[in-house]
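Q: Have a look; sequence and predicted model below, questions after that.
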Amino acid sequence: MHIPDGFIEAPTSIGAAAVSAGGLAVSLRRSAEVLEDKVAPMAGLVAAYVFAVQMLNFPVAGGTSGHLLGGALAAVLVGPWVGSLCIAVVLAVQALLFADGGLSALGLNVLNMAIVGVFAGYGVFLLARRLLPATGTGVAVASGVAGLVSVVLAALAFAAEYALDGAGGASPGRVFAAMGGVHLLIGVGEAVITAMTVRAVVAVRPDLVHGAAHLVPVPQLDPPRVPVEDAA
Amino acid sequence: MRRRLGLFVAAGLLVALALAFFVGPGASSSPDGLERVALDEGFADEADDHRLADSPLADYGVEGVDDERLGTGLAGVVGVGVTFVVMAGLVLGLRAAARRRRSPAEPGPDTDTADAATNATAPAPDAQPEPQRGTG
């Protein structure tokens, strides 16, 4: 899913880079507002974990493989603002250190995976969570559904970019259908990995899961105090 | 609490490192979804060589390590470590900058009301148009 240089021409690549930069700037600002002590190590861990699991290509039909994108996973674990930064850092490390994902395509890749993948994934998660029981399993299933949808949407974002400015003259309609189809399969893998990871973390430390805040009893700060004030 | 968090993060990092080192080398090397579509639809040749294709860790190998599986595993370990440090460092930097911006007067909001009031933080002072770029 990492776009190399050359697939998408310069104007759309530059446009995507500008949109991505704007999106990440908002994420940086919003992240600074919500940061608690526990967020720094958690954010580092989420990014590192996504990096590791992105290496693990699993086979899907017909000599094709796929790997986790991690957008929905990061959004559920640390919230969408910090989550989008996590995925962007992963993509930057991959492009700069491992020659994975083109340098002038970095803006496209950030847009598809760190912006579309994360925020669409988080939106779907919030919707799905509402329909599911307020349990660890409910949160995990909602995360999995979000993972699947986020992968398909990230793939369709590429198809849209290709339709705008793709090289090689392939039919945009066929690219759209093919990207959607194969990433529906990959999305199933994304759903399984995302749900299993979220389930495991919720089982051990629900308080560290942004998307499971409603499962954690409100801590010590609010002892069941008798209402103090009122008419004297 | 703090120590427990450290334990959790350390355990999580171990999982990530183990996945990268032990499972990474066995990952499928078939074309991924995008590569498959590019091949089928005939635009795969448009891909340029990566501008950093000669870098020592290019393509998840380690220059000088001839055993491919070992190279991939080591590259994965480096990647996990670098990613953790960069992301955690970014967040620490954001926190420090935010704290500086918020209160040059008070020493620091170390009293953590934060844990409980996760989402309901104080109304953000968005109105103040003084981001005050850190120069350090």
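A: Sure thing, it's come through.
Q: make it CA atoms for all contacts and neighbour counts henceforth
A: Will do.
Q: Tell me where the longest helix sits in chain A.
A: Using DSSP state H to assign secondary structure, the helix with the most residues in chain A is helix A:172-204.
Q: I meant to write chain B there.
A: If each helix of chain B is counted by residues according to DSSP H, the longest one is helix B:68-102.
Q: Provide the secondary structure category for A:S104.
A: Remark: A:S104 carries the secondary structure label coil [criterion: DSSP: H, G, I helix; E, B strand; the rest coil].
Q: Packing partners of the longest helix of chain B?
A: For helix B:68-102, the contact count by 3 or more C-alpha pairs under 8 Å, 6 or more residues apart in numbering or on different chains; DSSP states H and E identifies helix A:10-34, helix A:39-54, helix A:80-97, helix B:2-18 as packing neighbours.
Q: switch the cut-off to 6 Å
A: Under the contact criterion of 3 or more C-alpha pairs under 6 Å, 6 or more residues apart in numbering or on different chains; DSSP states H and E, helix B:68-102 touches helix A:10-34, helix A:39-54.
Q: Now distance to A:H183, mean pLDDT and mean neighbour count too, for the ones you listed, in a markdown table please.
A: Below are the helices and strands packed on helix B:68-102 laid out as a markdown table (distance: least, C-alpha to C-alpha, whole Å; pLDDT from 0 to 100; neighbours: other C-alpha atoms under 10 Å in any protein chain shown):
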| stretch | distance to A:H183 | mean pLDDT | mean neighbour count |
| --- | --- | --- | --- |
| helix A:10-34 | 21 | 95 | 18 |
| helix A:39-54 | 15 | 97 | 26 |
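Q: Out of those, which gets nearest to A:G166?
A: helix A:10-34 (8.8 Å; C-alpha to C-alpha).
Q: distance of the nearest residue to A:M42 once chain neighbours are set aside from B:V77?
A: Taking C-alpha to C-alpha, 6 or more residues apart in numbering or on different chains, and ignoring the residues beside it in sequence, A:M42 has B:V9 as its nearest neighbour in space, at 6.8 Å. Note on B:V9: its distance to B:V77, by C-alpha to C-alpha, to the nearest Å, is 16 Å.
Q: Which one's more surrounded, these two?
A: Relative neighbour count places B:V77 above the other of B:V9 and B:V77, with 23 against 19, counting by other C-alpha atoms under 10 Å in any protein chain shown.
Q: Tell me how many other residues crowd the residue nearest to the more buried one when sequence neighbours are not counted.
A: Of all residues not flanking B:V77 in the chain, B:L17 sits nearest, at 5.6 Å (C-alpha to C-alpha, 6+ apart). In terms of burial, B:L17 registers 26 neighbours under the definition other C-alpha under 10 Å.
Q: Residues contacting stretch B:19-36, please?
A: When contacts are defined by C-alpha atoms under 6 Å, 6 or more residues apart in numbering or on different chains, stretch B:19-36 is touched by residues A:1, A:52, A:55-58, A:63-66, A:182, B:69, B:72-73, B:76.
Q: Check which residues of that stretch are buried.
A: Residues B:19-28, B:30-36 are the ones in stretch B:19-36 that count as buried (16 or more other C-alpha atoms under 10 Å in any protein chain shown).
Q: okay, how far is it across it, tip to tip?
A: Using C-alpha to C-alpha, the end-to-end distance of stretch B:19-36 comes out at 25 Å.
Q: Kindly report the same for stretch B:39-57.
A: Taking C-alpha to C-alpha, the span from the opening residue of stretch B:39-57 to its closing residue is 26 Å.
Q: Which residues belonging to that stretch are considered buried?
A: When burial is assessed from 16+ other C-alpha under 10 Å, stretch B:39-57 yields the following buried residues: B:41, B:43-44, B:46-47, B:50, B:52-53, B:55-57.
Q: Next, the contact list for A:L131, please.
A: With contact set as C-alpha under 6 Å, 6+ apart, A:L131 has no partners.
Q: got the contact list for the residue nearest the centre of chain B?
A: To find the centre residue of chain B, average its C-alpha atoms and take the closest one (C-alpha atoms, centre = their mean): that gives B:T83, at 3.7 Å. Taking C-alpha under 6 Å, 6+ apart, we find B:T83 in contact with A:A48.
Q: how near is it to B:P56?
A: With distances taken as C-alpha to C-alpha, B:T83 is found 17 Å from B:P56.
Q: Compute the distance between A:H214 and A:V90, please.
A: Applying C-alpha to C-alpha, one obtains 29 Å for the distance of A:H214 from A:V90.
Q: Who has more neighbours out of these two?
A: Looking at A:H214 and A:V90 with other C-alpha under 10 Å, you find the greater number of neighbours at A:V90, namely 29 against 14.
Q: if I pick the more buried one, what's in contact with it?
A: Counting by C-alpha under 6 Å, 6+ apart, A:V90 has contacts A:F51.
Q: can you pull the pLDDT of it?
A: Looking at A:V90, its pLDDT is 98.
Q: same thing with B:A16?
A: Looking at B:A16, its pLDDT reads 98.
Q: so what's it closest to, chain neighbours aside?
A: Residue nearest to B:A16 in three dimensions, not counting chain neighbours: A:Y49, with 5.0 Å by C-alpha to C-alpha, 6+ apart.
Q: Might you list the low-confidence residue ranges for the chain?
A: Picking chain A for this. By pLDDT under 70, the weakly predicted segments of chain A are A:35, A:218-232.
Q: my bad, chain B
A: Applying pLDDT under 70 to chain B picks out residues B:1-3, B:104-136.
Q: Out of the contacts of stretch B:19-36, grab the one that's most surrounded.
A: Within the contacts of stretch B:19-36, most neighbours by other C-alpha under 10 Å means B:G76, with 31 neighbours.
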